[in-house]
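Chemist: sequence? don't have it. structure:
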């Protein structure tokens with residue numbers, strides 16, 4: 001897993017993406033391919049319960065391989081998100097750098113129960 005030098009940055013592109021998994025298995029929210037030459041600075045991950053009537057568990061993990069492969073290391077694990085509420089898994093005070101050949105994976109306790117929103121900067125050197 002390379003760690004690109006970000007001293008001489010050529011671009012910083014801000015992106016926000018969303019995912020509402022239709023299952024209760026692990027889903028890749030963001031993947032940084034091996035040899036991409038990029039570092040992703042994760043500014044925020046929000047887990048919003050869209051179920052509306054009951055709490056739904058949410059898990060957010062960092063995997064040590066791209067595309068959800070490898071070993072996962074939980075950032076939050078099986079947190080009950082109340083009905084029609086949100087939990088902030090990561091914010092700027094706890095920012096994470098996602099290196100090459102790693103990924104962020106999410107798991108919901110109920111299919112289509114949680115929408116995950118991730119805001120990050122793609123940093124190229």
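Modeler: Looks like it arrived, so ask away. Fair warning: this is a prediction, and the values are worked out from it, not measured in the lab.

Chemist: Let me know the distance separating the most centrally placed residue in the chain from residue 81.
Modeler: Centroid-nearest residue in the chain: residue 104, 4.2 Å away (criterion: Cα atoms, centre = their mean). From residue 104 across to residue 81, the span is 17 Å (Cβ to Cβ, to the nearest Å). For the C-beta atoms, the positions are set from N, CA and C on the backbone; glycine is no exception.

Chemist: Point out where this structure drops to low pLDDT.
Modeler: 1-2 (pLDDT under 70).

Chemist: Pull the number of nearby residues for residue 3.
Modeler: With neighbours defined by other Cβ atoms under 10 Å, the count for residue 3 comes to 9.

Chemist: helix/strand/coil for it?
Modeler: For residue 3, the assignment made with DSSP: H, G, I helix; E, B strand; the rest coil gives coil.

Chemist: my guess is it contacts residue 99, does it?
Modeler: Yes: Residue 3 sits in contact with residue 99 when judged by Cβ atoms under 8 Å, with a separation of 5.5 Å.

Chemist: For the closest residue to residue 56 other than its chain neighbours, list the residues it contacts.
Modeler: Leaving aside its chain neighbours, residue 56 sits nearest to residue 113 (3.7 Å; criterion: Cβ to Cβ, 6 or more residues apart in numbering). Shown here is residue 113, whose contacts under the criterion Cβ atoms under 8 Å, 6 or more residues apart in numbering are 49, 50, 51, 56.
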